[in-house]
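Asks: Sequence and predicted structure below; questions after.
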Amino acid sequence: MDLSMNPHTWLVKLNQTILAAQCKIDGQMVNMESGCLAAGSLIKKTIRNASSIWWIGNGGSAAICSHLSQDLLNKLGARSFYLGDPALMTCMANDYGYKNVYRTPLEKLSKEGDVLIAISSSGNSPNILSCVEMANAKKMNTISLSGFSDSNKLWNAETQIAFFIDANLYGIVEVSHEAILHSIIESLFLQSNS
C-alpha cells in the first residue's frame with residue numbers, strides 16, 4: 001500500500017481505476033462503453049420480458065447488491081431480487097453449507113432468461129462461482145464484476161458480460177463496481193424519462 005496516499009489521492013486513484021476498468025462480452029475484450037451499453041440493453045430486455053434480475057455478493061458486495069437491486073425495482077420497475085435476508089441465508093448455510101447459501105434458493109426461484117449479477121471483489125468466492133456455474137446450466141444471462149487479479153476465477157468464468165477492476169484495495173474495487181452499475185441503471189432511468 002502506498003503510505004503517502006491521502007483522501008484526495010485515493011479519489012484520484014478511484015477515478016483513474018474506474019476509467020481503466022476492463023470489460024468482456026462473451027469472453028471477448030471490448031471497451032467499457034460497449035460493455036456498459038450491452039449490460040444496459042440486457043437489463044432493459046429482461047425488464048421488457050418480465051424476467052427477473054438476481055443479485056449475489058458477500059460483505060461490501062452484498063451491500064451493493066441490496067442497494068442496487070432496490071434501485072432497479074424503484075427506478076425501472078424491474079423484478080429485481082437480492083437473496084440476502086438473514087433468516088434465509090442462515091437457513092441455507094445451515095442446511096446446505098455456505099457455498100450454497102445463494103445457489104439453493106436461486107435454483108428454486110430463477111428461470112431461463114433471468115439475469116444473474118454476480119459481484120466478488122476477489123473474484124474467487126466459492127459461493128458466487130457456484131451460482132455462475134448453475135446460472136449457465138440453467139441458461140440464465142450473467143453479468144459479473146470482480147477485481148484484484150486478472151487471473152481471478154470470476155473474470156475468467158463463462159459470463160455474458162464481465163467487468164474487471166485492476167486494483168488491490170477493497171474500497172477502490174467496491175466503489176468502482178457500484179459506480180459502473182449506477183451508471184448503467186441511471187442511464188436507463190434517464191432514457192425512460194426522456
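Replies: Okay, I see it. Residues are numbered from 1 along each chain as shown.
Asks: The longest helix along the chain packs against which elements?
Replies: Counting residues, the longest helix found in the chain (DSSP state H) is helix 170-192. Packed against helix 170-192 by the contact rule (3 or more Cβ pairs under 8 Å, 6 or more residues apart in numbering; DSSP states H and E) you find helix 7-19, helix 32-48, helix 60-76, strand 141-147, strand 161-165. C-beta here means a position set from N, CA and C on the backbone, and glycine is covered the same way.
Asks: Would you mind listing the buried residues in stretch 141-157?
Replies: Residues of stretch 141-157 classed as buried: 141-148, 152-157 (neighbour count, 16 or more other Cβ atoms under 10 Å).
Asks: and the gap between residue 193 and residue 45?
Replies: Plainly put, residue 193 is 19 Å away from residue 45 if you go by Cβ to Cβ, to the nearest Å.
Asks: I'd like to know which of the helices and strands packed on helix 170-192 lies nearest to residue 88.
Replies: helix 60-76 (12.8 Å; Cβ to Cβ).
Asks: Now whatever helix or strand comes next after the closest one - C-alpha only, CSV.
Replies: Sequence order places strand 79-82 as the next helix or strand after helix 60-76, per DSSP states H and E. The C-alpha coordinates for strand 79-82 follow below in CSV (Å, rounded to 0.1, in the frame of the first residue of the first chain):
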residue,chain,number,x,y,z
ARG,A,79,-38.3,-7.8,-10.9
SER,A,80,-35.1,-7.4,-9.0
PHE,A,81,-34.1,-9.6,-6.0
TYR,A,82,-31.2,-9.9,-3.6
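Asks: ok, and for the following helix or strand past strand 79-82, which residues are buried?
Replies: Note on strand 79-82: by DSSP H and E, the next helix or strand toward the C-terminus is helix 86-96. Neighbour-count burial for helix 86-96 flags 89, 92, 93 (criterion: 16+ other Cβ under 10 Å).
Asks: Could you dump the residues you listed into a markdown table and include pLDDT and distance to residue 166?
Replies: Formatted as a markdown table, the buried residues of helix 86-96 follow (pLDDT from 0 to 100; distance: Cβ to Cβ, whole Å):
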| residue | pLDDT | distance to residue 166 |
| --- | --- | --- |
| 89 | 94 | 31 |
| 92 | 95 | 33 |
| 93 | 95 | 32 |
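Asks: quick one on the thing from earlier: more neighbours, residue 193 and residue 45?
Replies: Using other Cβ atoms under 10 Å, the more surrounded residue of residue 193 and residue 45 is residue 45, with 13 against 7.
Asks: gap between that one and residue 142?
Replies: With Cβ to Cβ as the criterion, residue 45 and residue 142 are 14 Å apart.
Asks: same thing with residue 68?
Replies: On the measure of Cβ to Cβ, residue 68 and residue 142 end up 16 Å apart.
Asks: Likewise for residue 66?
Replies: In terms of Cβ to Cβ, residue 66 sits 19 Å off from residue 142.
Asks: Over to residue 32?
Replies: Residue 32 is 18 Å from residue 142, by Cβ to Cβ.
Asks: try residue 121
Replies: 17 Å.
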